[in-house]
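Colleague: Sequence first, predicted model second:
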Amino acid sequence: MNNSIAWRTGEPPSPVRPPRQALTSPRRFGALALGILASTLMSGCTLELLSPKGSVGEQEKTLILVSLGVMLLVVIPVIVLTLWFAWRYRESNTRATYAPKWSHSTAIEVVVWGIPCLIVACLGVLIWDTTHKLDPYQPLAGQVEPVEVDVIALNWKWLFIYPQYGVASLNELAIPTGTPINFRLTSESMMNAFFVPQLGSMVYTMAGMQTRLHLIADHPGTYLGQSAAYSGAGFSDMHFKTLATSRAEFDAWVSRAKASGKVLDRNAYRTLEQPSSKDPVTLYGAVAPRLFDGVVDKYMLANGQVCRADGSEALLAARPAAPASVSRTEQ
(Lines give C-alpha, C1' and ligand atoms only; values in the text may rest on other atoms or scores of the structure.)
Protein backbone atom coordinates (compact mmCIF):
# COMPACT_ATOMS: atom_id res chain seq x y z
CA MET A 1 0.00 0.00 0.00
CA ASN A 2 2.82 2.40 0.82
CA ASN A 3 4.46 1.64 -2.52
CA SER A 4 1.28 2.41 -4.47
CA ILE A 5 1.01 5.79 -2.70
CA ALA A 6 4.64 6.51 -3.46
CA TRP A 7 4.11 5.82 -7.16
CA ARG A 8 1.16 8.21 -7.20
CA THR A 9 3.18 11.01 -5.60
CA GLY A 10 6.14 10.39 -7.90
CA GLU A 11 8.48 9.21 -5.14
CA PRO A 12 10.49 6.00 -5.63
CA PRO A 13 9.10 3.07 -3.71
CA SER A 14 10.89 2.02 -0.53
CA PRO A 15 12.55 -1.39 -0.63
CA VAL A 16 10.54 -4.24 0.78
CA ARG A 17 12.13 -5.51 3.99
CA PRO A 18 11.59 -9.07 5.16
CA PRO A 19 9.97 -9.53 8.52
CA ARG A 20 12.37 -9.40 11.49
CA GLN A 21 11.31 -12.87 12.57
CA ALA A 22 12.30 -14.30 9.20
CA LEU A 23 15.87 -13.06 9.69
CA THR A 24 16.24 -14.49 13.15
CA SER A 25 14.36 -17.74 12.68
CA PRO A 26 17.41 -19.70 11.34
CA ARG A 27 19.45 -18.43 14.24
CA ARG A 28 16.76 -19.45 16.68
CA PHE A 29 16.47 -22.81 14.99
CA GLY A 30 20.24 -23.35 15.29
CA ALA A 31 20.21 -22.46 18.99
CA LEU A 32 17.29 -24.80 19.59
CA ALA A 33 18.99 -27.62 17.71
CA LEU A 34 22.20 -27.07 19.69
CA GLY A 35 20.27 -27.20 22.95
CA ILE A 36 18.54 -30.43 21.95
CA LEU A 37 21.87 -31.97 20.91
CA ALA A 38 23.49 -30.98 24.22
CA SER A 39 20.56 -32.42 26.16
CA THR A 40 20.81 -35.66 24.21
CA LEU A 41 24.52 -35.99 24.87
CA MET A 42 24.16 -35.18 28.55
CA SER A 43 21.36 -37.71 28.96
CA GLY A 44 23.95 -40.51 28.82
CA CYS A 45 25.98 -39.08 31.71
CA THR A 46 25.58 -40.65 35.14
CA LEU A 47 26.74 -39.23 38.45
CA GLU A 48 28.13 -42.48 39.81
CA LEU A 49 29.72 -40.75 42.79
CA LEU A 50 26.23 -39.65 43.89
CA SER A 51 24.73 -43.09 43.28
CA PRO A 52 26.55 -45.18 45.91
CA LYS A 53 26.07 -48.92 46.34
CA GLY A 54 27.95 -49.39 49.63
CA SER A 55 27.99 -47.95 53.13
CA VAL A 56 31.29 -46.11 52.59
CA GLY A 57 29.96 -44.50 49.42
CA GLU A 58 26.72 -43.54 51.21
CA GLN A 59 28.62 -41.74 53.97
CA GLU A 60 30.83 -39.95 51.46
CA LYS A 61 27.78 -38.84 49.45
CA THR A 62 26.21 -37.42 52.62
CA LEU A 63 29.45 -35.60 53.42
CA ILE A 64 29.62 -34.08 49.92
CA LEU A 65 26.00 -32.89 49.99
CA VAL A 66 26.20 -31.49 53.53
CA SER A 67 29.46 -29.65 52.76
CA LEU A 68 27.96 -28.28 49.54
CA GLY A 69 24.86 -27.06 51.38
CA VAL A 70 26.88 -25.37 54.11
CA MET A 71 29.09 -23.59 51.57
CA LEU A 72 26.04 -22.44 49.60
CA LEU A 73 24.94 -20.57 52.74
CA VAL A 74 27.71 -18.12 51.85
CA VAL A 75 27.73 -18.33 48.06
CA ILE A 76 24.02 -17.76 47.41
CA PRO A 77 23.60 -14.66 49.66
CA VAL A 78 26.79 -13.13 48.20
CA ILE A 79 25.54 -13.57 44.64
CA VAL A 80 22.06 -12.22 45.48
CA LEU A 81 23.43 -9.21 47.40
CA THR A 82 25.94 -8.42 44.65
CA LEU A 83 23.16 -8.22 42.07
CA TRP A 84 20.89 -6.27 44.44
CA PHE A 85 23.59 -3.72 45.32
CA ALA A 86 24.45 -3.22 41.65
CA TRP A 87 20.75 -2.50 40.91
CA ARG A 88 20.04 -0.52 44.07
CA TYR A 89 23.01 1.83 43.82
CA ARG A 90 23.13 2.30 40.08
CA GLU A 91 23.88 5.80 38.83
CA SER A 92 20.36 6.44 37.55
CA ASN A 93 18.68 5.64 40.89
CA THR A 94 18.40 9.03 42.55
CA ARG A 95 16.45 7.61 45.49
CA ALA A 96 19.45 5.60 46.77
CA THR A 97 21.32 7.18 49.66
CA TYR A 98 24.62 8.75 48.63
CA ALA A 99 27.11 8.61 51.52
CA PRO A 100 30.66 9.21 50.23
CA LYS A 101 32.09 9.57 53.75
CA TRP A 102 30.60 6.34 55.14
CA SER A 103 33.31 4.00 56.45
CA HIS A 104 32.05 1.65 59.19
CA SER A 105 29.06 -0.39 60.29
CA THR A 106 29.32 -2.74 63.26
CA ALA A 107 26.28 -4.74 62.11
CA ILE A 108 27.76 -5.31 58.66
CA GLU A 109 31.13 -6.30 60.14
CA VAL A 110 29.46 -8.85 62.42
CA VAL A 111 27.56 -10.39 59.50
CA VAL A 112 30.48 -10.31 57.04
CA TRP A 113 32.96 -11.94 59.45
CA GLY A 114 30.77 -13.82 61.91
CA ILE A 115 28.80 -16.00 59.47
CA PRO A 116 31.85 -17.20 57.44
CA CYS A 117 33.78 -17.96 60.64
CA LEU A 118 30.83 -19.97 61.94
CA ILE A 119 30.54 -21.90 58.68
CA VAL A 120 34.28 -22.63 58.57
CA ALA A 121 34.12 -23.89 62.16
CA CYS A 122 31.18 -26.17 61.33
CA LEU A 123 32.99 -27.52 58.25
CA GLY A 124 36.14 -28.09 60.31
CA VAL A 125 34.31 -30.17 62.92
CA LEU A 126 32.43 -32.09 60.22
CA ILE A 127 35.56 -32.90 58.22
CA TRP A 128 37.57 -33.83 61.32
CA ASP A 129 34.89 -36.30 62.38
CA THR A 130 34.30 -37.86 58.97
CA THR A 131 38.03 -38.04 58.17
CA HIS A 132 38.49 -40.44 61.06
CA LYS A 133 35.27 -42.37 60.45
CA LEU A 134 36.04 -42.81 56.72
CA ASP A 135 39.74 -43.57 57.12
CA PRO A 136 40.48 -46.01 54.23
CA TYR A 137 42.94 -47.89 56.46
CA GLN A 138 40.26 -48.62 59.08
CA PRO A 139 38.73 -52.12 58.71
CA LEU A 140 34.98 -52.37 58.28
CA ALA A 141 32.81 -54.26 60.73
CA GLY A 142 30.89 -57.18 59.27
CA GLN A 143 29.07 -60.37 60.17
CA VAL A 144 31.17 -62.51 57.83
CA GLU A 145 34.87 -63.03 57.25
CA PRO A 146 36.38 -60.32 55.00
CA VAL A 147 37.72 -61.14 51.55
CA GLU A 148 41.37 -60.24 51.00
CA VAL A 149 42.33 -58.77 47.62
CA ASP A 150 45.84 -57.73 46.56
CA VAL A 151 45.83 -55.09 43.82
CA ILE A 152 48.77 -54.38 41.51
CA ALA A 153 48.54 -51.42 39.13
CA LEU A 154 50.33 -52.32 35.90
CA ASN A 155 50.83 -50.31 32.71
CA TRP A 156 47.93 -50.04 31.77
CA LYS A 157 45.87 -52.73 33.43
CA TRP A 158 44.82 -53.97 36.86
CA LEU A 159 45.84 -57.27 38.44
CA PHE A 160 43.77 -58.66 41.33
CA ILE A 161 45.09 -61.50 43.50
CA TYR A 162 42.91 -63.41 45.96
CA PRO A 163 45.38 -64.98 48.46
CA GLN A 164 42.60 -66.79 50.37
CA TYR A 165 41.57 -68.70 47.24
CA GLY A 166 44.84 -68.86 45.30
CA VAL A 167 43.37 -67.27 42.16
CA ALA A 168 43.86 -64.01 40.29
CA SER A 169 42.17 -61.96 37.59
CA LEU A 170 43.20 -59.31 35.13
CA ASN A 171 40.92 -56.29 34.60
CA GLU A 172 38.04 -57.83 36.54
CA LEU A 173 37.27 -57.51 40.24
CA ALA A 174 34.74 -59.93 41.70
CA ILE A 175 33.44 -59.37 45.24
CA PRO A 176 30.54 -60.79 47.27
CA THR A 177 27.90 -58.35 48.51
CA GLY A 178 27.55 -57.72 52.24
CA THR A 179 31.16 -58.75 52.81
CA PRO A 180 33.98 -56.37 53.82
CA ILE A 181 36.78 -56.28 51.24
CA ASN A 182 40.30 -55.69 52.53
CA PHE A 183 42.55 -54.34 49.79
CA ARG A 184 46.33 -54.17 49.75
CA LEU A 185 47.54 -52.04 46.87
CA THR A 186 50.82 -51.32 45.12
CA SER A 187 52.10 -50.31 41.69
CA GLU A 188 54.57 -51.89 39.34
CA SER A 189 56.07 -48.55 38.24
CA MET A 190 54.10 -45.31 37.86
CA MET A 191 51.79 -43.97 40.54
CA ASN A 192 48.12 -44.68 39.96
CA ALA A 193 44.83 -44.27 41.81
CA PHE A 194 42.42 -47.13 42.47
CA PHE A 195 38.83 -45.90 42.39
CA VAL A 196 35.39 -47.53 42.28
CA PRO A 197 33.17 -44.42 42.52
CA GLN A 198 29.99 -46.22 43.59
CA LEU A 199 31.73 -48.04 46.44
CA GLY A 200 33.70 -45.19 47.98
CA SER A 201 37.18 -43.98 48.72
CA MET A 202 40.01 -43.55 46.22
CA VAL A 203 43.50 -44.67 47.23
CA TYR A 204 46.81 -44.18 45.41
CA THR A 205 49.10 -47.03 44.42
CA MET A 206 52.85 -46.41 44.44
CA ALA A 207 55.82 -48.53 43.44
CA GLY A 208 57.74 -50.00 46.36
CA MET A 209 54.98 -49.05 48.78
CA GLN A 210 51.82 -50.67 50.09
CA THR A 211 48.57 -48.84 50.74
CA ARG A 212 45.31 -50.17 52.14
CA LEU A 213 41.63 -49.72 51.45
CA HIS A 214 38.47 -51.20 52.95
CA LEU A 215 35.20 -51.20 51.01
CA ILE A 216 31.89 -53.05 50.96
CA ALA A 217 29.15 -53.50 48.35
CA ASP A 218 25.62 -53.63 49.73
CA HIS A 219 23.83 -54.18 46.42
CA PRO A 220 24.61 -56.56 43.55
CA GLY A 221 25.58 -55.05 40.24
CA THR A 222 28.39 -54.25 37.83
CA TYR A 223 30.24 -51.08 38.76
CA LEU A 224 32.92 -49.08 36.97
CA GLY A 225 36.45 -49.28 38.32
CA GLN A 226 39.15 -47.00 36.99
CA SER A 227 42.42 -45.22 37.48
CA ALA A 228 41.91 -41.67 38.71
CA ALA A 229 45.51 -40.49 38.18
CA TYR A 230 47.02 -39.91 34.74
CA SER A 231 49.74 -42.47 34.05
CA GLY A 232 50.61 -42.23 30.39
CA ALA A 233 49.36 -43.15 26.95
CA GLY A 234 47.09 -46.02 28.01
CA PHE A 235 45.44 -44.18 30.90
CA SER A 236 42.07 -43.72 29.17
CA ASP A 237 41.69 -47.51 28.79
CA MET A 238 42.87 -48.39 32.30
CA HIS A 239 39.52 -49.41 33.73
CA PHE A 240 37.87 -52.60 34.92
CA LYS A 241 34.48 -54.03 35.88
CA THR A 242 33.61 -54.65 39.51
CA LEU A 243 31.23 -57.61 39.77
CA ALA A 244 29.30 -57.42 43.04
CA THR A 245 27.36 -60.68 43.34
CA SER A 246 25.83 -62.97 45.94
CA ARG A 247 28.12 -65.27 47.86
CA ALA A 248 27.04 -68.26 45.79
CA GLU A 249 27.80 -66.45 42.53
CA PHE A 250 31.15 -65.31 43.90
CA ASP A 251 32.06 -68.89 44.85
CA ALA A 252 31.09 -69.95 41.32
CA TRP A 253 33.39 -67.24 39.93
CA VAL A 254 36.26 -68.56 42.08
CA SER A 255 35.59 -72.09 40.84
CA ARG A 256 35.61 -70.84 37.25
CA ALA A 257 38.94 -69.10 37.88
CA LYS A 258 40.47 -72.27 39.35
CA ALA A 259 39.30 -74.22 36.32
CA SER A 260 40.94 -71.80 33.87
CA GLY A 261 44.21 -73.74 33.94
CA LYS A 262 46.37 -70.61 33.69
CA VAL A 263 49.12 -70.05 36.24
CA LEU A 264 50.32 -66.64 37.35
CA ASP A 265 53.94 -67.45 38.06
CA ARG A 266 56.97 -65.17 37.87
CA ASN A 267 57.35 -65.61 34.13
CA ALA A 268 53.68 -64.84 33.48
CA TYR A 269 53.96 -61.77 35.68
CA ARG A 270 56.99 -60.53 33.75
CA THR A 271 54.86 -60.71 30.62
CA LEU A 272 52.13 -58.66 32.29
CA GLU A 273 54.75 -56.08 33.29
CA GLN A 274 55.11 -55.05 29.67
CA PRO A 275 53.05 -51.93 28.87
CA SER A 276 49.82 -52.72 27.05
CA SER A 277 46.23 -51.51 27.00
CA LYS A 278 42.76 -52.93 26.34
CA ASP A 279 43.85 -56.32 27.63
CA PRO A 280 40.98 -58.84 27.81
CA VAL A 281 39.75 -60.21 31.12
CA THR A 282 41.93 -63.16 32.14
CA LEU A 283 41.46 -65.57 35.04
CA TYR A 284 44.33 -67.46 36.70
CA GLY A 285 43.74 -70.69 38.57
CA ALA A 286 47.02 -70.59 40.50
CA VAL A 287 49.30 -67.81 41.75
CA ALA A 288 52.96 -67.88 42.74
CA PRO A 289 53.41 -67.60 46.53
CA ARG A 290 54.04 -64.08 47.90
CA LEU A 291 53.87 -62.52 44.44
CA PHE A 292 52.38 -59.29 45.79
CA ASP A 293 55.03 -59.03 48.52
CA GLY A 294 57.74 -59.51 45.92
CA VAL A 295 56.39 -56.61 43.85
CA VAL A 296 56.35 -54.35 46.92
CA ASP A 297 59.83 -55.42 48.11
CA LYS A 298 61.70 -55.26 44.82
CA TYR A 299 62.97 -51.73 45.61
CA MET A 300 63.73 -52.49 49.26
CA LEU A 301 66.66 -54.86 48.94
CA ALA A 302 69.53 -54.02 51.28
CA ASN A 303 72.57 -56.28 51.81
CA GLY A 304 70.72 -59.14 50.19
CA GLN A 305 67.86 -59.03 52.68
CA VAL A 306 64.44 -57.40 52.63
CA CYS A 307 63.33 -55.04 55.39
CA ARG A 308 59.54 -54.95 55.69
CA ALA A 309 57.56 -52.97 58.21
CA ASP A 310 55.40 -56.02 58.95
CA GLY A 311 58.09 -58.64 58.43
CA SER A 312 59.78 -60.84 61.02
CA GLU A 313 63.09 -58.97 60.70
CA ALA A 314 61.47 -55.63 61.53
CA LEU A 315 59.48 -57.12 64.41
CA LEU A 316 62.61 -58.66 65.92
CA ALA A 317 64.53 -55.40 65.50
CA ALA A 318 61.78 -53.55 67.35
CA ARG A 319 62.17 -55.74 70.46
CA PRO A 320 64.60 -54.56 73.18
CA ALA A 321 67.86 -56.48 72.76
CA ALA A 322 69.66 -58.19 75.62
CA PRO A 323 72.77 -56.34 76.94
CA ALA A 324 75.18 -59.05 75.84
CA SER A 325 73.75 -59.46 72.37
CA VAL A 326 75.08 -57.72 69.29
CA SER A 327 72.52 -55.91 67.16
CA ARG A 328 72.23 -56.26 63.40
CA THR A 329 73.20 -52.61 63.03
CA GLU A 330 76.49 -53.18 64.80
CA GLN A 331 77.16 -56.22 62.67
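Modeller: Sure thing, it's come through.

Colleague: number of nearby residues for residue 176?
Modeller: With neighbours defined by other Cβ atoms under 10 Å, the count for residue 176 comes to 23. In short, each C-beta sits where N, CA and C put it, glycine included.

Colleague: Correction: the previous question concerned residue 111.
Modeller: Neighbour count for residue 111, taken as other Cβ under 10 Å: 12.

Colleague: show me the biggest helix of the protein in terms of residues.
Modeller: Using DSSP state H to define each element, the chain has its longest helix at helix 55-88.

Colleague: Backbone dihedrals for the residue lying closest to residue 197 once chain neighbours are set aside, please?
Modeller: What sits nearest to residue 197 in space, not counting adjacent residues and going by Cβ to Cβ, 6 or more residues apart in numbering, is residue 48, at 4.2 Å. Backbone geometry at residue 48, expressed as degrees, to the nearest 10, gives phi -70, psi -30.

Colleague: could you list every residue that touches residue 48?
Modeller: Counting by Cβ atoms under 8 Å, 6 or more residues apart in numbering, residue 48 makes contact with 197, 198, 223, 224.

Colleague: Show me those residues that map onto strands.
Modeller: Using DSSP state E, 223, 224 are the members of those that sit in strands.

Colleague: From the contacts of residue 48, pick the one nearest residue 90.
Modeller: Nearest to residue 90 among these, counting by Cβ to Cβ, is residue 197 at 46.5 Å.

Colleague: any idea how far residue 84 is from the closest one?
Modeller: With distances taken as Cβ to Cβ, to the nearest Å, residue 197 is found 39 Å from residue 84.

Colleague: and those two? which has more neighbours close in?
Modeller: The neighbour comparison of residue 197 against residue 84 (other Cβ under 10 Å) goes to residue 197, with 21 against 10.

Colleague: tell me the contacts of the more buried one?
Modeller: Residues counted as contacts of residue 197 (Cβ under 8 Å, 6+ apart) are 48, 49, 57, 223, 224, 226.

Colleague: which secondary structure elements does the longest helix of the chain contact?
Modeller: Secondary-structure packing of helix 55-88 (3 or more Cβ pairs under 8 Å, 6 or more residues apart in numbering; DSSP states H and E): helix 106-133.

Colleague: for the helix it packs on, packing partners?
Modeller: Here helix 106-133 is seen to pack against helix 55-88 when contacts are counted using 3+ Cβ pairs under 8 Å, 6+ apart.

Colleague: Grab the nearest non-local neighbour of residue 122.
Modeller: Beyond its immediate neighbours in the sequence, the residue positioned closest to residue 122 (Cβ to Cβ, 6+ apart) is residue 70, lying 6.1 Å away.

Colleague: One more: residue 191?
Modeller: Leaving aside its chain neighbours, residue 191 sits nearest to residue 206 (5.1 Å; criterion: Cβ to Cβ, 6+ apart).

Colleague: right, and the one you found touches residue 188 too?
Modeller: No. Contact status for residue 206 versus residue 188: not in contact, 10.4 Å apart, counting by Cβ atoms under 8 Å.

Colleague: Which of those two has more residues huddled nearby?
Modeller: Each of residue 206 and residue 188 has its neighbours counted (other Cβ under 10 Å); residue 188 has more, 19 against 16.

Colleague: For the nearest residue to that one once chain neighbours are set aside, list each beta-bridge partner.
Modeller: The spatially closest residue to residue 188, leaving aside those adjacent along the chain, is residue 154, at 5.0 Å (Cβ to Cβ, 6+ apart). Legend: beta-bridge partners of residue 154 under DSSP bridges are residue 157.

Colleague: Now do residue 154 against residue 170, distance only.
Modeller: Using Cβ to Cβ, residue 154 is found at 9 Å from residue 170.
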